[in-house]
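Peer 1: need coordinates for the following:
(4 chains)
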Protein chains: 4
Amino acid sequence: MKQPENKSMQIAIVGLGRMGANIARRLIRGKHEVVVWNRSSGPAEELGQEGATVAKDFDDVVAKLKAPRVVWIMLPAGKVTEDALAEFSNKLSPGDVLIDGGNTHYKDDIRRAKEIAKKQIDYVDVGTSGGVWGLTRGYCMMIGGPDAVVKRLDPIFSTLAPGVGTIPRTEGRDGLDARAENGYIHAGPAGAGHFVKMVHNGIEYGLMQAYAEGFDILREKNSDHLPEDQRFDLNLADIAEVWRRGSVVSSWLLDLSAQGLAQSPQLDDYSGEVADSGEGRWTIEAAIEEAVPANVLSASLFARFRSRKDHTFGERLLSAMRFGFGGHIEFKK
Amino acid sequence: MKQPENKSMQIAIVGLGRMGANIARRLIRGKHEVVVWNRSSGPAEELGQEGATVAKDFDDVVAKLKAPRVVWIMLPAGKVTEDALAEFSNKLSPGDVLIDGGNTHYKDDIRRAKEIAKKQIDYVDVGTSGGVWGLTRGYCMMIGGPDAVVKRLDPIFSTLAPGVGTIPRTEGRDGLDARAENGYIHAGPAGAGHFVKMVHNGIEYGLMQAYAEGFDILREKNSDHLPEDQRFDLNLADIAEVWRRGSVVSSWLLDLSAQGLAQSPQLDDYSGEVADSGEGRWTIEAAIEEAVPANVLSASLFARFRSRKDHTFGERLLSAMRFGFGGHIEFKK
Amino acid sequence: MKQPENKSMQIAIVGLGRMGANIARRLIRGKHEVVVWNRSSGPAEELGQEGATVAKDFDDVVAKLKAPRVVWIMLPAGKVTEDALAEFSNKLSPGDVLIDGGNTHYKDDIRRAKEIAKKQIDYVDVGTSGGVWGLTRGYCMMIGGPDAVVKRLDPIFSTLAPGVGTIPRTEGRDGLDARAENGYIHAGPAGAGHFVKMVHNGIEYGLMQAYAEGFDILREKNSDHLPEDQRFDLNLADIAEVWRRGSVVSSWLLDLSAQGLAQSPQLDDYSGEVADSGEGRWTIEAAIEEAVPANVLSASLFARFRSRKDHTFGERLLSAMRFGFGGHIEFKK
Amino acid sequence: MKQPENKSMQIAIVGLGRMGANIARRLIRGKHEVVVWNRSSGPAEELGQEGATVAKDFDDVVAKLKAPRVVWIMLPAGKVTEDALAEFSNKLSPGDVLIDGGNTHYKDDIRRAKEIAKKQIDYVDVGTSGGVWGLTRGYCMMIGGPDAVVKRLDPIFSTLAPGVGTIPRTEGRDGLDARAENGYIHAGPAGAGHFVKMVHNGIEYGLMQAYAEGFDILREKNSDHLPEDQRFDLNLADIAEVWRRGSVVSSWLLDLSAQGLAQSPQLDDYSGEVADSGEGRWTIEAAIEEAVPANVLSASLFARFRSRKDHTFGERLLSAMRFGFGGHIEFKK
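Peer 2: So this is what the prediction gives:
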């Protein structure tokens, strides 16, 4: 697909958390006309000073846009987003577009798209990766929605995307969709964007856990739990660094590991309690629905669950069984 | 194989820990002539009063036995057993038998059997299951060693074994080795006994962890972490009990779980730090040598490793990466 | 709880598959008055000859029962059961009881119970284990529903349950609910029965996979893939048999394994493609909802998924990566 | 550590497979004096034409080097390498250095280093990553051996390494060992190099399997096994490509996946049977020795084991149990 010329568009960004604010900012810098709204006024005013038009409420958002309107919702997934979408679907007109850029379950996208289609409003879901780095690096976007609408919004997406940059081209892509090389794809109908983003996060968990286990094995090799003649004194920061340089395991997550270890070799400040968001869980549920074996992705999720517990009840049950058959004593002291 | 008549034999039991003492005891009750030795004299004297002949050192053990001698070593696996076997192999005569009844790695058996074969001493390895219950229920035994020797020792094994008891017969076993139905098998040459026992323990870990995870899922369903309308108030002791009664998951380990839960529904006394012995680890190493996938058995082992840690270093690394790409803060408080 | 006298009750069994027919049969033998219905007439007529009253349609089922009526639905889970329950809820009267004895997701129970409560009809869910053996051994039952209703139906449940039988009593159960020792429990409100049964099946998968992996490791030790001096010639049927006799891993599933191996040591007739039913999947979903690590139960499910595939696409992707970084060739021949 | 000036050194490369030949080539291009030997003469002659000195046998290798000599063995791990090292240790003189650059188990390094230290020959182990790309990109090297020797060999290592190149610097590395940023580290005494390389490969398996599972989940979402309204038509090549562009999961392995998928969207040419080398296995053994949970790394290894089997025996045992308790028929057709 040939890239359309990047003409200026008008869009509203509703919700100016870290992600929403930076998306608005990158669009403003890309010469788009951006209307913003936020529950608390601080972030909206800040963006106002950078060139955004500040709306005071949802009605004002609608009023400040010309039809066909484009409203990008960037709110916490769940009820808040659900309510905002419901409200906007009552305020918008046929031909307008509602975008959910949050971390929504793709089945909710499918349901919502059907509902608002009754009002001839189009629904687009955008999964974004890139976190706090998106403003400068650009956002990697996975988009679901009707073909014509996603095409019409192309100036928005191509502004937000990283572009080809300095990343070497993949051999064999001649004739394939150029948008992928610019950092965004139209994955399919409503829900497809968030589905791909969901799996992205599932993979992310797996990659992270692979590094975590590997560095654990390296570090315990230094441990005085081992007999002295079996121990090394490995420098984990240097190991992470050297792997960034021509090894098979180089990656952005390794770059971040190298940085974390350079700054704090023992990672002492971290508690070790690791959160998980919905996507990692939904990925396993999708695997189960599709009957796909996913031992690595599920183990990665479970490692996080376990990290947040002192002990499981199951572990105490193991001790109870061991006491039962062998008289092994694993009582609290 | 027809069962030989259970004639009385002479045997020495070296090492009178819980297992060794009860093995000696069951043999005495079975009318065998038992010589005993123990590092500390208490357990030996106790068995002396029950009919055993107490030897004061290894030479005395040898002196008190008539050739061909049978010496059953029941000492902690590793150096202690290794040393005792080496010493006895120097004191015994061609035609004598050394039995290792401990938790030895089967490759050590193979090596040792070769070594002492040079002195025409036979090596027999016996893996036993049954724990503290063996004295009354009998010991389930997996035996490795030369065919003729294992046959000659049959009176010993058939005394120690549970016998057919009240356990229903397996259909289709007519013509198969009757020893299995009596609770002992001759698994193969030296090492085969401990190999089978090793895999037994690997399976044991897997079974235990399956119950542990299931009861975890039941218990967390009661937890106030869940929204109130998604909670139950399940009685785990009753659930374990009912599953003993005609369900597909009934087992001895479930019996022990039911008992543990009946006595302490929250299992409060247990710390949740679960030990593992060599066999669970060796089972995974054997799986790897054979290129057999063993996700369940390895996960069961790893759950125990994890149970003994406060946090892994890897978990802190996960947090460091999350901070790097998303600014997520998972610091110690 | 004291056992009520086992007085005769009237009940309809709707659906006479293997499970439904045997449940009806066991109730008839227990002197209950049983109305039966089945889509095809054969099974109903057969039970008619054994003493059941045959109903020709759902209206007839209702007509043949005296209020308060008890209708036990034993149909395939999903739409068939859903439709039958909806139909009966329109035909029954306040105070009547609808029982779902199938393999329903517990969340469907909760939803349905709420719906039919509007019509003052009570909903009871019964998860049963025991499979083809239930007629003679009795059914292990996990029951959800209102307390008063479950108590009123006790004569039904106590007839279906195995009773205390010859299974040794668990120490420490004095004063605890005696129903568990008779093989049935009232687990909680609607849904609790199927929830407990679901976790039961999840555990079942884990136990089965633990044995499967263990026997794999035993069998591959016989394989000519290994160097000859590392091989044994283990007899798996004898090993399974001996473990039934006093070992820690004895269980009903091991009994079945011993039987399968005695009859066919290589298990040649089995394809190795292993089905899974809903419960194993739902157990993992419940674990995820509760944030409980469940590596063993999920690996057991995934092993079945994998058993039904020739190859995964992911495996081909591994080869593609290996070709990319190392020139390793893993092409089709 | 300040980089020493890169003065020319003399070194022999023994074994000119793909890796050995390119290592020799890169050293020649870096102005080092390279003696080469290979079992078959072709590759040696080829390098001779590029500037290497061709030795006709091991004695000739030794003769063509000035003391203190440096001999880099680059032969298949195992007996071939073991024998070559033994032979050279008899031909070399005190002060000479033997380097094992192959895929050796680190415990073999430790043993060998001790042995040849008796002859005052130094042992250095070098784990390299970079595969077929090393000649142009440089080799990422993890080195074990005595400090003074590794320092003395620095001109060799700095020539082989990628150098800082265009990879962005890790924040916080001021004052840390500069060699890591140039693509090589001195990990510790003999064995430490191969230990770190071993864990590198363990992680590699984990990363690869994370992508494999994720792409499986994406691909099965297109499958006609799913009801039509739950299916998408995802373009995997575009998805891999877009993730290279600013997403959290970008990596070199993803680059290779993108390339593989661009060239063959269904990866039809690959059989799906995936080999594994020693390092993945040894990583799990190290984890077990250290009591480190490693569910992801082990599951990745097991996925490869499983990929090479039609069915496991364990899967047939599952079917046998299912037949036993439920009459489920999973026979061969």
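Peer 1: what about the closest residue in space to residue A:58 that isn't next to it in sequence, how many residues nearby?
Peer 2: Using CB to CB, 6 or more residues apart in numbering or on different chains and skipping residues adjacent in sequence, the residue nearest residue A:58 is residue A:87, 5.7 Å away. (Each C-beta comes from the backbone N, C-alpha and C, glycine too.) Other residues within reach of residue A:87 by the criterion other CB atoms under 10 Å in any protein chain shown amount to 13.
Peer 1: how about residue A:10?
Peer 2: With other CB under 10 Å as criterion, residue A:10 counts 16.
Peer 1: please apply the same query to the one 3 residues further on.
Peer 2: Counted with other CB under 10 Å, the neighbours of residue A:13 add up to 31.
Peer 1: pretty sure it sits against residue A:34.
Peer 2: Yes - if you go by CB atoms under 8 Å, residue A:13 and residue A:34 touch, sitting 6.2 Å apart.
Peer 1: so what's in contact with these two at the same time?
Peer 2: Common contacts of residue A:13 and residue A:34 (CB atoms under 8 Å, 6 or more residues apart in numbering or on different chains): A:24, A:27, A:52.
Peer 1: select from these the one having the most neighbours.
Peer 2: Result: residue A:24 is most packed of the shared contacts of residue A:13 and residue A:34 (other CB under 10 Å), 30 neighbours.
Peer 1: quick check: residues of the stretch 51-200 of chain A near chain D?
Peer 2: Residues of the stretch 51-200 of chain A that fall close to chain D, judged by CB under 8 Å from any CB of the partner chain: A:129-131, A:133-134, A:137-142, A:161-162, A:165, A:167-168, A:170-173, A:176-177, A:179-185, A:187-189, A:191-192, A:195-196, A:199-200.
Peer 1: in helices only, show me these.
Peer 2: Among those, the members falling in helices (DSSP state H) are A:134, A:137, A:179, A:180, A:181, A:182, A:192, A:195, A:196, A:199, A:200.
Peer 1: grab the nearest non-local neighbour of the first one.
Peer 2: Excluding the flanking residues, the one nearest residue A:134 by CB to CB, 6+ apart is residue A:22, at 5.7 Å.
Peer 1: who's in contact with the helix or strand that neighbour falls within?
Peer 2: In the assignment (DSSP states H and E), residue A:22 maps to helix A:18-29. The list of residues contacting helix A:18-29 from outside it, by CB under 8 Å, 6+ apart, reads A:11, A:13-14, A:16, A:34, A:36, A:38, A:43, A:46-47, A:50-52, A:72, A:74-75, A:101, A:128, A:132, A:134-135, A:138-139, A:156, A:159-160, B:327.
Peer 1: could you check how far the lowest-mean-pLDDT helix or strand in chain A is from the centre of its chain?
Peer 2: In chain A, the helix or strand scored least confidently by mean pLDDT, DSSP states H and E is helix A:134-137, which has a mean of 89. Relative to the chain's own centre, helix A:134-137 is displaced by 14 Å; criterion: CA atoms, centre = their mean, to the nearest Å.
Peer 1: ok, residues contacting that helix?
Peer 2: Around helix A:134-137, the neighbours that count as contacts under CB under 8 Å, 6+ apart are A:19, A:22, A:23, A:25, A:26, A:128, A:130, A:160, A:162, D:246.
Peer 1: the fourth one: neighbour count?
Peer 2: If I follow you right, that is residue A:25. Neighbours of residue A:25 using other CB under 10 Å come to 21.
Peer 1: cool, and the second one?
Peer 2: By other CB under 10 Å, the residues close to residue A:22 number 23.
Peer 1: quick one, grab the pLDDT at it.
Peer 2: What the model reports as pLDDT for residue A:22 is 96.
Peer 1: next: the fourth one.
Peer 2: Residue A:25 is assigned 96 on the pLDDT scale.
Peer 1: also the last one?
Peer 2: Here, the pLDDT recorded for residue D:246 equals 90.
Peer 1: how far away is it from chain C?
Peer 2: Residue D:246 sits 21 Å away from chain C, going by CB to the nearest CB, to the nearest Å.
Peer 1: assumed that residue was part of a strand.
Peer 2: No - assessed with DSSP: H, G, I helix; E, B strand; the rest coil, residue D:246 is coil; it does not lie in a strand.
Peer 1: for chain C, what's the nearest residue on the stretch 101-250 of chain A?
Peer 2: residue A:248 (5.3 Å; CB to the nearest CB).
Peer 1: what about that residue? Give its phi and psi, please.
Peer 2: Main-chain dihedrals, residue A:248, degrees, to the nearest 10: phi -70, psi -20.
Peer 1: my read: it touches residue D:255, true?
Peer 2: No - contact criterion CB under 8 Å: residue A:248 and residue D:255 do not qualify, at 10.9 Å.
Peer 1: out of those two, which sits in the more crowded spot?
Peer 2: Between residue A:248 and residue D:255, counted using other CB under 10 Å, the more crowded position is residue A:248 (26 against 22).
Peer 1: which residues does that one contact?
Peer 2: By CB under 8 Å, 6+ apart, residue A:248 lies in contact with C:325, D:129, D:130, D:131, D:200, D:201, D:204, D:252, D:253.
Peer 1: and for residue A:319?
Peer 2: Applying CB under 8 Å, 6+ apart, the residues contacting residue A:319 are A:328, A:330, A:331, B:267, B:270, B:271, B:272, B:273, B:274.
Peer 1: got it, and residue A:289?
Peer 2: Contacts of residue A:289 (CB under 8 Å, 6+ apart): D:226, D:230.
Peer 1: give me every residue in the stretch 101-250 of chain A lying close to chain B.
Peer 2: A:131, A:132, A:133, A:208, A:209, A:211, A:212, A:213, A:215, A:216, A:219, A:220.
Peer 1: how about the fifth one, phi and psi?
Peer 2: The one in question is residue A:209. When read as degrees, to the nearest 10, the backbone of residue A:209 gives phi -70, psi -30.
Peer 1: from what I can see it touches residue B:318, true?
Peer 2: Yes - contact criterion CB under 8 Å: residue A:209 and residue B:318 qualify, at 7.3 Å.
Peer 1: which residues do the two both contact?
Peer 2: residue A:303.
Peer 1: can you give me the buried ones in the following helix or strand past the helix holding residue A:22?
Peer 2: The first helix or strand that comes after helix A:18-29 along the chain, using DSSP H and E, is strand A:33-37. Within strand A:33-37, the residues that count as buried by 16 or more other CB atoms under 10 Å in any protein chain shown are A:33, A:34, A:35, A:36, A:37.
Peer 1: go on, stretch A:164-178?
Peer 2: A:167, A:170, A:173, A:176, A:177.
Peer 1: just the closest of those to residue A:225, please.
Peer 2: residue A:167 (43.0 Å; CB to CB).
Peer 1: can you flag the buried ones in the contacts of helix A:18-29?
Peer 2: Burial by neighbour count, 16+ other CB under 10 Å: within the contacts of helix A:18-29 this picks out A:11, A:13-14, A:16, A:34, A:36, A:38, A:43, A:46-47, A:52, A:72, A:74-75, A:101, A:128, A:132, A:134-135, A:138-139, A:156, A:159-160.
Peer 1: list the contacts for the residue lying closest to residue A:63 once chain neighbours are set aside?
Peer 2: Spatial nearest neighbour of residue A:63, excluding adjacent residues (CB to CB, 6+ apart): residue A:55 at 7.8 Å. Residue A:55 sits next to A:12, A:35, A:36, A:37, A:44, A:61, A:63, A:64 when contact means CB under 8 Å, 6+ apart.
Peer 1: could you rerun that using 6 Å?
Peer 2: A:35, A:37, A:61, A:64 (CB atoms under 6 Å, 6 or more residues apart in numbering or on different chains).
Peer 1: same question, residue A:129
Peer 2: Here residue A:129 is in contact with A:140, A:200, D:247, D:248 (CB under 6 Å, 6+ apart).
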